[in-house]
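Novice: Need a 3D model of the sequence below.
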Amino acid sequence: MKIIIQMSKSEELKALPILLRHSPGTILPQRTYILTPQAVRSLRDPGIKYTEVSREPGLHNIEGTISAERI
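Specialist: Numbers count the residues shown, from 1 in each chain. Next up is the predicted model:
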């Protein structure tokens, strides 16, 4: 399962070192990330704030994509 999250610029600065070390995720425009549940947990532990946009299956429509389109 994948989880789509968005975060602010300041939270992204705190999250990037963690994500680069622990996650083979996907980065989309507007600070949007497609991550594994383990990667999301790695952000939650140090208190990094984010908004969960969607979880698989049935991903919500992200700007520029169609639901169920391979990202």
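Novice: could you pull out the helices for this structure?
Specialist: 9-22, 37-44 (DSSP state H).
Novice: Of those helices, which is nearest Arg31?
Specialist: The closest of those to Arg31 is helix 9-22. By CB to CB, the value is 5.1 Å. Glycine gets a C-beta too; all of them are placed from N, C-alpha and C.
Novice: next one: the closest one to chain centre, how far?
Specialist: Helix 9-22 sits 11 Å away from the centroid of its parent chain (CA atoms, centre = their mean, to the nearest Å).
Novice: and the helices of the chain, which is most packed in?
Specialist: Of all the helices of the chain, helix 37-44 has the most neighbours on average by mean count of other CB atoms under 10 Å, namely a mean of 16.
Novice: Just give me the residue closest to the centre of the chain.
Specialist: Residue closest to the mean C-alpha point of the chain, counted by CA atoms, centre = their mean, is Tyr33 at 2.9 Å.
Novice: what are the bridge partners for that one, then?
Specialist: Ile5, Ile27 (DSSP bridges).
Novice: from what I can see it touches Lys2, true?
Specialist: No. With contact defined as CB atoms under 8 Å, Tyr33 and Lys2 do not form a contacting pair (9.8 Å).
Novice: Quick check, pLDDT for the closest residue to Val53 other than its chain neighbours.
Specialist: Distance criterion CB to CB, 6 or more residues apart in numbering; nearest residue to Val53, sequence neighbours excluded, is Ile4 at 4.3 Å. With respect to pLDDT, Ile4 scores 94.
Novice: State the distance from Pro46 to Leu19.
Specialist: 12 Å (CB to CB, to the nearest Å).
Novice: Next up, the contacts around Arg41.
Specialist: Under the criterion of CB atoms under 8 Å, 6 or more residues apart in numbering, Arg41 has no neighbours.
Novice: The residue nearest to Val53 and Gln30 touch, don't they?
Specialist: No. Look at Ile4 against Gln30 with CB under 8 Å: they stay out of range, at 11.4 Å.
Novice: out of the two, which sits in the more crowded spot?
Specialist: Taking neighbours as other CB atoms under 10 Å, Ile4 and Gln30 compare with Ile4 leading, 22 against 7.
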